[in-house]
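Peer 1: fold the following for me, if possible:
(2 chains)
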Amino acid sequence: MISIDVDNVTQIYQKYSARHRFKTFKSALMRGDIFKSLRPDERVNALKNVSLKVEKGTAFGVIGENGSGKSTLLKIVAGIAKPTYGKVSVKGKVSALIELGAGFHPEISGRENVYINGIMLGLSKKEIHRKFDEIVKFAELEDFIDAPVKTYSSGMYMRLGFSIAINVNPEVLLVDEVLAVGDASFVPKCLDRINDFRRRKKTILFVSHDLTTVERICDKVAWFKEGKVETIGEPKRVIDAYLQDITEKKEEDFEAEQKEVKEKESGEKERRENRWGKREIEIKKVQLKDLQGKVKSVYSPQEGMIIEMDVEARSRIKDFVFGVGIYNSQGICCYGTNTYIEDMIPVSIEGKEKVLFKIKKLNLINGTYYMDVATHKRNGYPYDYHRNLYSFMISSRGKDMGIVRPPHTWEFTSGIKFKNP
Amino acid sequence: MKELLKNLRELFKYRVLIQNLVNRELKARYRGTVLGFLWSFLNPFLLMIVYTIVFGFIIQPRDPAFGGNPWMYALFLFCGVLPWVWFSSSQLESANVLIVQGNLIKKILFPSEVLPVVVVTSNLVHFLLGLPIVFIFIPILGKGYTSYLLFLPLVIMVQFIFSLGFSLMISSLTVHFRDIKDILANLLTFWFFASPIVYPVTFQTIQQSTILKTFLYLNPMTHIMRGYQNCIFFGTYPPWKGLGVTFLVSLVLFFIGYYIFDRLRESIPEEV
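Peer 2: You can find the predicted model right below:
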């Protein structure tokens, strides 16, 4: 049975400027057609021909970047907004957790707010009376329920709001990123409740940026992109596709930024400050490439990297060292080495040459990294020192912490069991 | 039109919600004040004293109805000022209510027309709480209670419907045209003096000028105010014809107000 049926829905938001609005109001008054003459200055197409069906008793996740139309969809399903075109039908009572405690009045007590909020959400006074203790208990607010809501912390506020909304006992529950403010003990409790809902064959529409939770709770996931449904399907597959897309976008952004920085900086003062040395040996150009030789600036931790330096020695020089240092965004040196440290004894350099520093596997954690490259004498006298002039980015789904990622595996004796995700 | 009637029926279904919201409004209003509900009496009472000093003692009333007694004039003033305060504060609050409570409309499935209704109703309660002052004044000034007081609920009802209609219109239009808020404040001042509140309809200057008289009689508030003054002060029947027409006008205004609100309903969550 279909519980939520969104059929070819398009939502257009219209913006009117104040001046324009006045003009239309004036002419509307004079011509007498106040509604027809309100023409928008700007249209925002929040949803474009969206269709999806949610089966009864399933949890349906909606993911996507900010502004992709997720919340608009939820509002339409909740009945708060009407679609500009298309149809939405929902079977059964709907409770929307869009903003918790939206109707709370700060001056009156939690107790009175529970009653009024409950009535707003469609409960009768009797029902609230019956569920009152449970609501308060779930929100863990027994001691504060008679204090005015304005004295509540944001966590207490949210707990009470959640507790009321979930006790409305709807057929369809809409959840919009509301668990973000809960503390470590309350969020699992909420998720438990949501799971409980699913067991009782109720329908859940779950909007969140917390992909792990989405993957855990939902039976099916839709990925929204720029107001359109990009993919619908099995959670893991959709989430992976989404992450892939995000990473690509992040890379594009990073690369565009890199380009901008380079264009702005080249030959300028800032560059001088970060570069010193008399340039008896000059590092003319530095490029970051992957192992296939493609120039890029976003890498996965699994990938390798080649730092390619074009160098030129003005005369024949016999004392020289090449060095590389990688720093993270906090300025901590993640790795640094040079040819001298690695016991390479220089013999000679002359003219235009290339130096390649090959990293087989980066094994770094996510983040932006800056790089020093240098050439100097063995005693430290700099020929050409580039300080933090180059940067690259590590991007992956991993959430591991620290500075480096040593290559590793996990092994267990037979008594320890894990399930594959 | 069918949709409109359906929505109107819905409005009736929300009476429990309205009742609770009015309750909340009243509770929250004086929460934290020392005098609490007493302010519902005190506010109009203090306003009253100002009017009595200025109009009663400084600009002494010339109309024979008051027999040159400033306190008698005070009672007369009270009959008009109290319901006027109800009307004007309802409208001023209505102009803001959808914007102030925008969170409700935007974030939960909430019947937005409930909000202006709550505003008018909670101000009605304040009005009713202020009425006893009038009743205390009557015997003090040597006037008796008359059976015409029984017609008071009728007048109140007419004003209630009139206020509702106006409030629905103002609240929904203000969302789109914020200028209305300022226009309204000025309009209300003008309207106050264009209604027989500080002067009786029978005032000589008015009765002698056809323009003033016609203008005054076209104002629905005139008949409502006369209703209060007749029932409480003069001890006669309310002006049946005028009040009857005003009642019909109020009904029409209510439907117009509701129609406008209904038409703008969908755009309200986007605009607040």
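Peer 1: now do the end-to-end distance for stretch A:387-403.
Peer 2: End-to-end span of stretch A:387-403 (C-alpha to C-alpha, to the nearest Å): 20 Å.
Peer 1: oh sorry, the question was meant for stretch B:192-199
Peer 2: First-to-last residue span, stretch B:192-199, C-alpha to C-alpha: 11 Å.
Peer 1: keeping just the C-alphas, turn the stretch of helix or strand A:Arg111 belongs to into PDB.
Peer 2: Element membership for A:Arg111 (DSSP states H and E) is helix A:110-120. Written as PDB, here are the backbone C-alpha positions of helix A:110-120 (Å, rounded to 0.1, in the frame of the first residue of the first chain):
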ATOM      1  CA  GLY A 110       6.100  23.600  30.100                       C
ATOM      2  CA  ARG A 111       2.900  21.900  31.300                       C
ATOM      3  CA  GLU A 112       0.600  24.400  29.600                       C
ATOM      4  CA  ASN A 113       2.800  24.300  26.500                       C
ATOM      5  CA  VAL A 114       2.400  20.600  26.300                       C
ATOM      6  CA  TYR A 115      -1.300  21.000  26.200                       C
ATOM      7  CA  ILE A 116      -1.500  23.700  23.700                       C
ATOM      8  CA  ASN A 117       1.200  22.200  21.500                       C
ATOM      9  CA  GLY A 118      -0.600  18.900  21.600                       C
ATOM     10  CA  ILE A 119      -3.900  20.500  20.500                       C
ATOM     11  CA  MET A 120      -2.100  22.300  17.700                       C
END
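Peer 1: which elements pack onto that helix?
Peer 2: Where contact means 3 or more C-beta pairs under 8 Å, 6 or more residues apart in numbering or on different chains; DSSP states H and E, helix A:110-120 is packed against helix A:125-139, helix A:154-167, helix B:15-29. Yep, even glycine has a C-beta here, placed from its N, CA and C like the rest.
Peer 1: quick one: is the regular element (helix or strand) spanning B:Val155 near chain A?
Peer 2: In this assignment (DSSP H and E), B:Val155 forms part of helix B:152-176. Yes: residues of helix B:152-176 contacting chain A under C-beta under 8 Å from any C-beta of the partner chain: B:His176.
Peer 1: tell me what that helix is packed against?
Peer 2: helix B:70-100, helix B:114-140, helix B:179-193, helix B:220-228, helix B:240-264, helix B:268-271.
Peer 1: pull out the buried residues from the last one.
Peer 2: I take that to be helix B:268-271. B:Ile268, B:Pro269, B:Glu271 (16 or more other C-beta atoms under 10 Å in any protein chain shown).
Peer 1: and chain A, which of those contact it?
Peer 2: Okay, of these touching chain A (C-beta under 8 Å from any C-beta), that's B:Pro269.
Peer 1: wait, which of the buried residues of helix B:268-271 is closest to chain A?
Peer 2: B:Pro269 (5.9 Å; C-beta to the nearest C-beta).
Peer 1: my read: that closest one touches B:Ile105, true?
Peer 2: Yes: the pair B:Pro269 / B:Ile105 is scored as a contact, 5.1 Å apart, by C-beta atoms under 8 Å.
Peer 1: for the residue lying farthest from the centre of chain A, phi and psi?
Peer 2: In terms of distance from the mean C-alpha position of chain A, A:Arg316 ranks first, at 52.8 Å (C-alpha atoms, centre = their mean). Dihedral angles of A:Arg316 (phi, psi; degrees, to the nearest 10) stand at phi -80, psi 120.
Peer 1: per-residue pLDDT, A:Val136?
Peer 2: At A:Val136, the model reports a pLDDT of 92.
Peer 1: how close does it sit to A:Val114?
Peer 2: 7 Å (C-beta to C-beta, to the nearest Å).
Peer 1: common neighbours of those two, please.
Peer 2: Taking C-beta atoms under 8 Å, 6 or more residues apart in numbering or on different chains as the criterion, A:Val136 and A:Val114 both touch A:Ile145.
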